[in-house]
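K.L.:
How does the following fold in three dimensions:
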Amino acid sequence: QYTRVWIPDPDEVWRSAEIIKDYKEGDKSLHLKLEDETFYEYPIDLQGNELPFLRNPDILVGENDLTALSYLHEPAVLHNLKVRFLESNHIYTYCGIVLVAINPYEQLPIYEQDVIYAYSGQNMGDMDPHIFAVAEEAYKQMARDEKNQSIIVSGESGAGKTVSAKYAMRFFATVSGSASDTNIEAKVLASSPIMEAIGNAKTTRNDNSSRFGKYIQIGFDKRYHIIGANMRTYLLEKSRVVFQAEDERNYHIFYQLCASASLPEFKDLGLTCAEDFFYASQGGDTAIDGVDDADDFEKTRHAFTLLGVKESHQMTIFRIIAAILHLGNLEIQAERDGDACSVSSEDKHLNNFCGLLGVEHSQMQHWLCHRKLVTMAETYVKNMSVQQVVNARNALAKHIYAQLFNWIVQHINKALHTTVKQHSFIGVLDIYGFETFEVNSFEQFCINYANEKLQQQFNSHVFKLEQEEYMKEGIPWTLIDFYDNQPCIDLIEAKLGILDLLDEECKVPKGTDQNWAQKLYDRHGSSQHFQKPRMSNTSFIVLHFADKVEYQSEGFLEKNRDTVYEEQINILKASKYQMVADLFQDEKDAATSTSMAKGTSKISVRSARPVIKAANKEHKKTVGHQFRNSLHLLMETLDATTPHYVRCIKPNDEKLPFKFDPKRAVQQLRACGVLETIRISAAGFPSRWSYHDFFNRYRVLMKKRDLSKNDKKQICQTLLEDLIKDPDKFQFGRTKIFFRAGQVAYLEKLRADKFRTATIIIQKTVRGWLQRVKYQRLRQAAVVIQRYTRGHLARRLAEHLRRTRAAIIFQKQYRMLRILRAFQRVRNATITIQAFARGMFVRRTYRKV
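P.N.:
Numbers count the residues shown, from 1 in each chain. As a prediction, this is how the structure comes out:
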C-alpha cells in the first residue's frame, strides 16, 4: 500500500492522496493519486522543505481522543471529527482535557436518565466522550480534591453552548440529589426555561441564542448533595428589545405572551399577534420552525410557579412585558418643523402602557416628549425632536426590560438560596461566543472582549501551566511558541485603551462617536492588533484571537452611557403597582446589578439615604467599566477553581442536521484552542504519572527481584529502561514520569498482555478443575447408571434363565408324556394284536390237535 498524505484544498480544506512514486531528496514535486483516481503533482518548497502531512492508518481513524492519533495535526483532527460526526453520528470527541462537541441540529437519544446513571461513577476515558463524562469528572474531582470546579462552555453563537450547560446541570441535579426535601435540583433545572424565555432570542445563526452570559454556581454540602445555587449574569443585549435585524426576533417571552394573548387572564393586556407590534416584528417572520410559543409559555409559567414566584407577581411581569410592546407602538407626531412633537392622549397604546404599569397618563404623555434641563441658574423644560423622542422611548423600553430581567434573576437566586453552609461548588459558565456580523457594535465589542479574556484563561491553564510543570519537574523542554492574546487585551482594557478612551469621551459634554474613533486612530494606529479601515473614518478594526472584526463606532457612546431621563423614571417610581414601583425605587443601586456590576445578579432594594448616595456613585460608572469589573471578578472565580473545557463547534451555517462544512469547522478549531492543544500534545509529553501511581499501576510488569527494593523511583526507572528502548519516549522528573504520545498506550498494552497471560493461566486451571469436577460427577453418575443397568440386565437374564429352565422342564415333561402315551398306545395295540394273533394261533393249534 502506498503512503497516504494530506494536501491543502480550497473547498474541503484538506484532501487525501496517495504517493505513487518514491520521493528523493531534492525532488521538486510529489507524484500523487487523489481519491477520485486523478493524478496530481504536488509542488514542494525546497527551501522550507515542507512535505505534506501524513495520514493516520485506518485503524486509528475515529478515535474518541484526538491526542491518541499517531500523527497529530490539523487535517488528522478535522478528518477524525468528520468521520465520527458523519459516519458514526458521535457528536462528542476528547482532545486531551478539552471536550469537543459538534452541534447535530437535532434531538439525540443520548441524554436520558439511564445514560446519566451509566456515566455516574465512571472514569473519564472509560466510556464514550460525553458532556456527562466531563460533568462526572468535575463532580469526582470536587469530592476527591475538595476544590471548587468550573465547566467553561464556549463556542460560536449556535454551536450548542446553552444546551451543553443545561445537560451538565441536569447531570449534577440527578446524580447528587438534594440534601433535604426542598427539591432544589428541580428548581435549578426550572431556572433554564425562564432564563431562555427572557434572555434568549432567534438570530440569523441560532434559533435559541443566549443574548446574555451567565455563570451558575451549584452549591454542595459536605456529603456533596446539592443545597442551592446562584446565578450571575453578564451584559444583557438590551438593544434587542427595540431593534432586531432581518430574520431575527426579540426575546422569546414577547412572542410567548402574544401567542397566549387569547387566554382569559390576559384579556386586559390589550395584546394581539406579534406582527402587530413594532418591537416584535422588525425582523420579519415572527415564528420559528418547530417551536410552539404558546406551549413554551406554559413551561415558563410552570417554572415560575416551581420557583415560588407568586401568581400576582407573574401577572405583573406579563403586564410589564405587554407594556413594553405597547410603548413601541406609540404614534409620535411631529410639530413645528420637527423641533417638537407630541403623543396623542387618545393613543390606545399609550393608554394601555400607562394602565398596565399603573402610572399617571398625562405625566407620561408630557415627559415622553419633553426633557428637563438643569443649569446653575435655573431649571427649564425643553421640547424634543421626533428622533430624540424615539431614542428616549427606546432607552426607556430597554431600561424597563433590563430592570425586569434583574428582578427575575434576583428572585431565581432567592428561590435557589440556602441557609445551609456551602462546602464547595461547581460553576457552569455559559457565555456568548465570539461574534462577527456585517454590522458590529458595542455589544459585539464587549462579547469579543469577554472571549479574549476566556481564551487567555484557557491559554494560561493549558499551555503556560503545562510548560511550567515541565520546568518544575526538571524535564528538558523546548518552549513552544503559541498565540498569546495579552497585547489584544491590553489594547482593550489597559490605561488609555479602547474602553478608557470611550469612558473619557462619554464624560466630554459634546463627545461624539466620530471624535472617539479619531482618538483611537491617533492613540492606537501603530498597534499590531488595531487597524483603521481604508474607506471609513468612523469604524475601527480589532485583530482578535479568532478573527479580525470591524466595529462601527456609531452608538458606542450612547450604549456606554446607557442614559434614561430621570423624569420618566420618577413617573414609574410613583406607579400604583408596588412591584413596578419597587423595580425603580433604588434606581441607581439596581443599575449595578446583573447586567454588569461585579458580575452578580443580586439586587438590594434599599431606601436609606447614605446607601443611595453610594449607589449613585456606582451608577456613574459606564456600562463598559462595569462590564470590565464583572469580567475581572469572573476571571478571579475561574482561576480559583479547577476548569473543565467544553468547546462547541457549529458544523454548518444552514442549521442542517448532520451536515459538516470543513471550512467552518476548521475556523472554529483554530479559534478555540483545540489545534493548539493538539500541537502541544504532539511536541511535549502529554501523559504523566507520579512514581507512586506508576508503581501501583505497572507493578505487574516488574520482576520479583526488583520489587524487593525499597526505592520505588529506581524500580520505575529500571522497568521503563527495560520496556521502552528509545530514551526520548519518556523522561524522569522530580516527582513524575513524563511520556510522549502513545507510550502509555504501549505500557497499557503490555500490562493488558501480562494480565491476559495470567488470566489465561487462571482460566486454564479453573476450566481444568471445572472439567475434572464435571467429569467426576459424570463418571460417578455413569457408574451408578451402569450399576443399576447391569443389575437390571442381570435380573432380567436370571429371569430369562429361570423361564428357559422352566420351559425346558415343561418341554421335557410334555414330550415324555406324549412319547409315553404314544408308546402305550402302540404297546396296547401290539398286545391286542399279539393277544388276537396268539389266540388265533392257539385256536388254530387246538383245532389241529
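K.L.:
Stretch 767-779 - what's its average pLDDT?
P.N.:
Taken as a whole, stretch 767-779 has a mean pLDDT of 95.
K.L.:
Could I get the buried residue list for that stretch?
P.N.:
By 16 or more other C-beta atoms under 10 Å, stretch 767-779 has no buried positions at all. Yep, even glycine has a C-beta here, placed from its N, CA and C like the rest.
K.L.:
What of stretch 21-32?
P.N.:
Leu30, His31, Leu32.
K.L.:
So the residue lying closest to the second one once chain neighbours are set aside: helix, strand or coil?
P.N.:
The shortest distance from His31 to any non-neighbouring residue, by C-beta to C-beta, 6 or more residues apart in numbering, is to Lys21 (3.9 Å). Lys21 falls in the coil class when you classify it by DSSP: H, G, I helix; E, B strand; the rest coil.
K.L.:
if I look at Lys21, how far off is Glu41?
P.N.:
10 Å (C-beta to C-beta, to the nearest Å).
K.L.:
Overlap in contacts, the two.
P.N.:
Leu30, His31 (C-beta atoms under 8 Å, 6 or more residues apart in numbering).
K.L.:
Any idea how far apart the tips of stretch 53-69 sit?
P.N.:
Across stretch 53-69, the terminal residues are separated by 13 Å (C-alpha to C-alpha, to the nearest Å).
K.L.:
isn't there a helix covering Asp295?
P.N.:
Yes. Applying three-state DSSP, one finds Asp295 inside a helix.
K.L.:
Which pLDDT value goes with it?
P.N.:
Note on Asp295: pLDDT of 94.
K.L.:
Kindly report the same for Ile480.
P.N.:
For Ile480, pLDDT reads 62.
K.L.:
next one: the one 4 residues further on
P.N.:
The predicted structure scores Asp484 at 75 on the pLDDT scale.
K.L.:
That one and His529: what is the separation?
P.N.:
Counting by C-beta to C-beta, the gap from Asp484 to His529 is 12 Å.
K.L.:
okay, these two: which has more neighbours?
P.N.:
His529 (19 against 15; other C-beta atoms under 10 Å).
K.L.:
where's the more buried one relative to Asn448, distance?
P.N.:
Counting by C-beta to C-beta - His529 and Asn448 are separated by 12 Å.
K.L.:
circling back: show the backbone phi and psi for the residue nearest to His31.
P.N.:
Phi and psi for Lys21, reported as degrees, to the nearest 10, are phi -140, psi 130.
K.L.:
mind checking the end-to-end distance for stretch 698-705?
P.N.:
Per C-alpha to C-alpha, the first residue of stretch 698-705 is 15 Å away from its last.
K.L.:
Centre of the chain to it, how far?
P.N.:
41 Å (C-alpha atoms, centre = their mean, to the nearest Å).
K.L.:
Could you list the residues in contact with that stretch?
P.N.:
So stretch 698-705 is contacted by Leu707, Ile715, Cys716, Leu719, Leu723, Leu747, Leu750, Arg751, Lys754, Phe755, Ala758 (C-beta under 8 Å, 6+ apart).
K.L.:
Identify each buried residue in it, please.
P.N.:
Tyr698, Leu701, Met702.
K.L.:
List the residues that contact Leu520.
P.N.:
Residues in contact with Leu520 (C-beta under 8 Å, 6+ apart) are Ile498, Leu501, Phe530, Phe540, Ser553.
K.L.:
Next, format those residues as TSV and append neighbour count, distance to Phe658 and pLDDT.
P.N.:
Formatted as TSV, the contacts of Leu520 follow (neighbours: other C-beta atoms under 10 Å; distance: C-beta to C-beta, whole Å; pLDDT from 0 to 100):
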residue	neighbour count	distance to Phe658	pLDDT
Ile498	25	41	94
Leu501	17	47	94
Phe530	21	40	94
Phe540	24	39	95
Ser553	24	41	93
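K.L.:
Please identify which of those residues is nearest to Ala397.
P.N.:
Closest approach between the contacts of Leu520 and Ala397, by C-beta to C-beta: Ser553, at 23.6 Å.
K.L.:
From Gln282, how far off is Asn394?
P.N.:
12 Å.
K.L.:
Point out where the stretch 701-849 of the chain drops to low pLDDT.
P.N.:
Applying pLDDT under 70 to the stretch 701-849 of the chain flags residues 741-742, 745.
K.L.:
Just the element for Phe738, please.
P.N.:
In this assignment (DSSP states H and E), Phe738 forms part of strand 736-739.
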